[in-house]
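Peer 1: task: produce atomic coordinates for the following.
(2 chains)
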Amino acid sequence: MSPARGSKPKSASRRWPLTGTGAVAAVASLLLAACGSAAGSGHSGPGGTNGTSVTAWIVTTGPSPINTVINQTVSAFEKSHPGDHITVSYVENQSYKQKLQLAMGAGNPPTIFWTWGGGPLKQYIDAGDMQSLGHPGWTASFLPSSLGAVTFGGNVYGVPIEGTQPVYFFYNKTVFAKAGLSGFPATWSALLADVRTLKAKGYIPISLAEGDQWPGLMYLEYLTDRIGGPSAFDAIEAGQAGAWSSPAVIQALTDIQQLVRAGAFQSGYDSLHYSGGGSDALLYSGRAAIQLMGDWDISQVLGLNKSFVTAGHLGLAAFPAVAGGKGNPSDLAGNTASYVAIASHATSAQKKVAEAFLQDELATSSYAKASVGAGEVPVISGAAPLFAGQQLASYDSTIYSSVQQAPSFQYSWDQSLSPAEATTMLTNLAQVFELSQSPQKFAATMDSQQGAS
Amino acid sequence: MRLADLIGLTPAMTLFGLFILLPLLAAFVLSFFRWNGLGAPHWAGGANWVQFAHDPVAATSLVVTAKVVALSWVVQTPLSLALGLFTAGHQRYRAVYAACYVLPLLLSTAGIALMWEALLDPNFGGLAGLSHSLNLGFLQQNWLGNANLALYVIVAIIAWQFIPFHTLLYQMGRRQIPRVLYEAATLDGASGWQLFWRVTLPQLRYTIATSSTLMIVGALTYFDIIYIMTDGGPGYTTRVLSLDMYQAAFQQDQFGYASVLAVVLGVLGVGIAMLLIRFTGFASMESQQEGAA
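Peer 2: Residues are numbered from 1 along each chain as shown, chains lettered A, B, ... in the order given. You can find the predicted model right below:
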């Protein structure tokens, strides 16, 4: 089994240890020299020579004009604050929460980071990871209702960076015209009738990206509100026993399954993801007629198929009323705004720069005007005149006035609830959409989860 | 053990200790705490383990994982064996085919997942287009959204990704079998089929053991493609244990419970690997060529 050892020349076996050691020593000394010089330079820390470097994480779902606006705003800030730098990283939507949670837990989060406020933000505040802005006067330029999701104990923790994002029904006006439908249905039963008409004409009635699970939640939010009013979810949020089994929730889930059974959604709706524009493509290519989505979709479709939006083919409509329902048809659901907040794990110089960015750039009407141009509806007071002359003026005015007039603007459920409850809700709701779980089973599962954190 | 042996083993043992033993130990300790990722962990005793024993989702995950492991082995081993024996031969254009078969190995896992997701899209995907142009109705399916199909589609894509690797293993194994054995068998009047069963397969015993161990333990912990393509859906039909662990930790903020799942996965993997090595005689390291010239 062992090879004949005598076959190796003696000179080779004696040379190897010397050349081998020499090679190892040479490489090791090179490495040490490299490490030494790298350690000496260090990274630009607070107040190095002239300025401070700050990192920022912003969420994106794809190519969006608002990202360009943010970049331009950062450049303008760096010009007016020489020496200070803000490095913006755009993070993909689906994995953002995990990424931020990890960074927070490890103690080195970005100084400025995107947040949807609500329950998860409260978690960070309780863990001492957040920098409070107090209650400064400059935050008064924002609509008071918009700061609700980031205000805890009277202190403001974040500032809107993207505008209000209520959820509406978006529809392809050309498809509606071809199918002989005049305008968007105002009642749920009319919607079902239109779904059947569209299906008969060979169109996909509604485009749905249930692969991400939160698009389906929008149906549940609105139906529950239209049927039972805002108090139905208020009970759930307060953790009342049996709140999930209320008649409003059960009826809402039943209506969802009725929509599924009517064949309203495209084939493969339960595996399609929103990021990447798959469900938008169905809408603007004329294969699907309707999509229920937050108003960030206008910005996204603008980036994917500009002429579709600018030629006025994208229709916007409120969620229909449900006959006999207690909810006001003007009620809204969605994100009151998207915010940025400041982490406490940063040097005081970095926190100062971050706060200056929020105050000098994001709270100004020039930022609001620029974001209007990118398809956002800012939550600055008195923003109505800013929309005039912009390419999306009609959408913005409609959205802004609907937000001002809405008796209730319900925050997205998966932001208000605890992460554990939210995840269970989303997974089980997806099963309701797939018709593999009954409304009663969903309610029972969620009720038994009630209060779990 | 001589000093030179110890010195030689130190780097590998250090890396193994730091990156494998220590995290496993840490996961075991963390499984007795409750922690949401922020702040300090709270002692929970055996609560997480009790939760695991009563959790229907974890039970489903174990079943799904077992299905993925079994199906992966059943699909990948015969195909890899056949392809490996083919590429080990001396046919014309063999090298061209071999190069084609190895292509999936060169692609990143995320790239494979996204590419197949695009191909399988029922509205815009390649398969849907093919079904229209060739008029093959059965190609138009909701591949990843149909609860009955999704698991098999995932197993097929995993097989597509890893068959090239095992093909290479079998190719090398086949090439190491001395020609002398085949000549002797042919002289004794063995048919092609008998050559396969009586010479090739027994000689490939250790290759099959290696390949199977890698395949089974790999399928046990596989995560990437399933996470990107279905995220455990539709429902819970593709939710393997590693995915359940990821969701418990990073979406439900329950790091203690996720550690329980991690320990279970680790113990299962090590246990199965040891069983395989014991029962295939790998540990004894007997020579395959006793009596050969």
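
Peer 1: list the buried ones in stretch A:235-253?
Peer 2: Across stretch A:235-253, burial judged by 16 or more other CB atoms under 10 Å in any protein chain shown covers A:Ala235, A:Ile236, A:Ala243, A:Trp244, A:Ser246, A:Ala248, A:Val249, A:Ile250, A:Gln251, A:Ala252, A:Leu253. No exception for glycine: its C-beta is placed from N, CA and C like everyone else's.

Peer 1: is that stretch anywhere near chain B?
Peer 2: No. Using CB under 8 Å from any CB of the partner chain, stretch A:235-253 never reaches chain B; the gap is at least 15.6 Å.

Peer 1: contacts for that stretch, please.
Peer 2: A:219-220, A:223-224, A:227-229, A:232, A:326, A:413, A:416-417, A:432, A:439-440, A:442-444, A:446-447, A:450-451 (CB atoms under 8 Å, 6 or more residues apart in numbering or on different chains).

Peer 1: could you flag which of the residues you listed are buried?
Peer 2: By 16+ other CB under 10 Å, these give A:219-220, A:223-224, A:227-229, A:232, A:413, A:416-417, A:432, A:439, A:442-443, A:446-447 as buried.

Peer 1: residues touching the closest residue to chain B within the stretch 101-250 of chain A, list them.
Peer 2: Per CB to the nearest CB, A:Ala127 is where the stretch 101-250 of chain A lies closest to chain B, at 3.7 Å. If you count contacts by CB under 8 Å, 6+ apart, A:Ala127 has them with A:Met104, B:Leu38, B:Gly39.

Peer 1: again, but for B:Leu201
Peer 2: B:Leu201 makes contacts with B:Ile208, as judged by CB under 8 Å, 6+ apart.

Peer 1: and it, which helix or strand is it part of?
Peer 2: helix B:201-203 (DSSP states H and E).

Peer 1: after the helix or strand harbouring B:Ala70 comes which helix or strand?
Peer 2: Here B:Ala70, judged by DSSP H and E, is contained in helix B:56-87. Counting by DSSP H and E, the element after helix B:56-87 in chain order, helix or strand, is helix B:94-102.

Peer 1: which residues are in contact with that next one?
Peer 2: Helix B:94-102 is contacted from outside by B:Leu83, B:Phe86, B:Thr87, B:Ile163, B:Pro164, B:Thr167, B:Leu168, B:Gln171, using CB under 8 Å, 6+ apart.

Peer 1: now render the residues you listed as a markdown table, adding distance to B:Val102, neighbour count and pLDDT.
Peer 2: Listed next are the contacts of helix B:94-102 as a markdown table, based on distance: CB to CB, whole Å; neighbours: other CB atoms under 10 Å in any protein chain shown; pLDDT from 0 to 100:
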| residue | distance to B:Val102 | neighbour count | pLDDT |
| --- | --- | --- | --- |
| B:Leu83 | 10 | 20 | 91 |
| B:Phe86 | 13 | 17 | 89 |
| B:Thr87 | 9 | 23 | 88 |
| B:Ile163 | 10 | 23 | 94 |
| B:Pro164 | 5 | 20 | 93 |
| B:Thr167 | 8 | 26 | 93 |
| B:Leu168 | 7 | 19 | 91 |
| B:Gln171 | 10 | 22 | 92 |
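
Peer 1: A:Thr423 and B:Phe250, how far apart?
Peer 2: As judged by CB to CB, to the nearest Å, A:Thr423 and B:Phe250 stand 10 Å apart.

Peer 1: same check, this time on B:Thr213
Peer 2: Applying CB to CB, the value for B:Thr213 to B:Phe250 is 29 Å.

Peer 1: over to B:Gly266?
Peer 2: For B:Gly266 relative to B:Phe250 (CB to CB), the value is 18 Å.

Peer 1: surely A:Tyr90 and A:Asn67 touch.
Peer 2: Yes. Contact criterion CB atoms under 8 Å: A:Tyr90 and A:Asn67 qualify, at 6.2 Å.

Peer 1: shared neighbours of those two, anything?
Peer 2: A:Ile58, A:Thr60.

Peer 1: follow-up on the earlier one: settle it for me: which of B:Gly266 and B:Phe250 has more neighbours?
Peer 2: Neighbours per residue (other CB atoms under 10 Å in any protein chain shown) separate B:Gly266 from B:Phe250, with B:Phe250 holding more: 20 against 17.

Peer 1: help me confirm that the more buried one comes into contact with A:Leu100.
Peer 2: No. Contact criterion CB under 8 Å: B:Phe250 and A:Leu100 do not qualify, at 10.7 Å.

Peer 1: distance check, B:Thr37 against A:Asp280.
Peer 2: If you look again at residue B:37, you'll see it is Gly, not Thr. Computed as CB to CB, the B:Gly37 to A:Asp280 distance reads 33 Å.

Peer 1: of those two, who's got more company?
Peer 2: More crowded of B:Gly37 and A:Asp280, by other CB under 10 Å: A:Asp280, with 26 against 19.

Peer 1: quick one: secondary structure of the more buried one?
Peer 2: Assigned by DSSP: H, G, I helix; E, B strand; the rest coil, the conformation of A:Asp280 is helix.

Peer 1: contacts only, for the residue nearest in space to the middle of chain A.
Peer 2: Chain A has A:Asn93 as the residue nearest its centroid, 6.0 Å off, counting by CA atoms, centre = their mean. Contacts for A:Asn93 (CB under 8 Å, 6+ apart) come out as A:Val59, A:Thr60, A:Thr61, A:Ser275.

Peer 1: mind doing that once more with 6 Å?
Peer 2: A:Asn93 sits next to A:Val59, A:Thr61, A:Ser275 when contact means CB atoms under 6 Å, 6 or more residues apart in numbering or on different chains.

Peer 1: what about chain B, any weak spots by pLDDT?
Peer 2: B:1, B:285, B:288-293 (pLDDT under 70).

Peer 1: residue numbers of it in contact with chain A?
Peer 2: With CB under 6 Å from any CB of the partner chain as the criterion, chain B meets chain A at residues B:37-39, B:122-123, B:142, B:144-145, B:234-235, B:250-253.

Peer 1: among those, which are in helices?
Peer 2: B:Phe250 (DSSP state H).

Peer 1: how about the residues of chain B next to chain A in CSV, adding distance to A:Gly180?
Peer 2: Formatted as CSV, the residues of chain B next to chain A follow (distance: CB to CB, whole Å):
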residue, distance to A:Gly180
B:Gly37, 54
B:Leu38, 55
B:Gly39, 60
B:Pro122, 27
B:Asn123, 24
B:Asn142, 29
B:Leu144, 34
B:Gly145, 31
B:Pro234, 35
B:Gly235, 38
B:Phe250, 48
B:Gln251, 44
B:Gln252, 47
B:Asp253, 50
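
Peer 1: buried subset of the residues of chain B next to chain A, written for PyMOL?
Peer 2: PyMOL command restricting the residues of chain B next to chain A to the buried ones, with burial defined by 16+ other CB under 10 Å:
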select buried, chain B and resi 37+38+122+123+142+144+145+234+235+250+251+252+253
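
Peer 1: A:Pro185: which of the residues of chain B next to chain A is nearest?
Peer 2: If you rank the residues of chain B next to chain A by distance to A:Pro185 using CB to CB, B:Asn123 comes first, at 24.2 Å.

Peer 1: just give the nearest non-adjacent residue to the closest one, would you?
Peer 2: A:Gln266 (5.9 Å; CB to CB, 6 or more residues apart in numbering or on different chains).

Peer 1: ok, now A:Tyr219?
Peer 2: A:Ile256 (5.4 Å).

Peer 1: I figured the one you found hits A:Glu221, correct?
Peer 2: No. A:Ile256 is not in contact with A:Glu221 according to CB atoms under 6 Å; the separation is 11.2 Å.

Peer 1: settle it for me: which of those two has more neighbours?
Peer 2: A:Glu221 (24 against 20).

Peer 1: give the contact list for the closest residue to that one other than its chain neighbours.
Peer 2: Leaving aside its sequence neighbours, A:Glu221 sits nearest to A:Ala333 (CB to CB, 6+ apart; 4.2 Å). Residues counted as contacts of A:Ala333 (CB under 6 Å, 6+ apart) are A:Val167, A:Glu221, A:Tyr222, A:Gln410.
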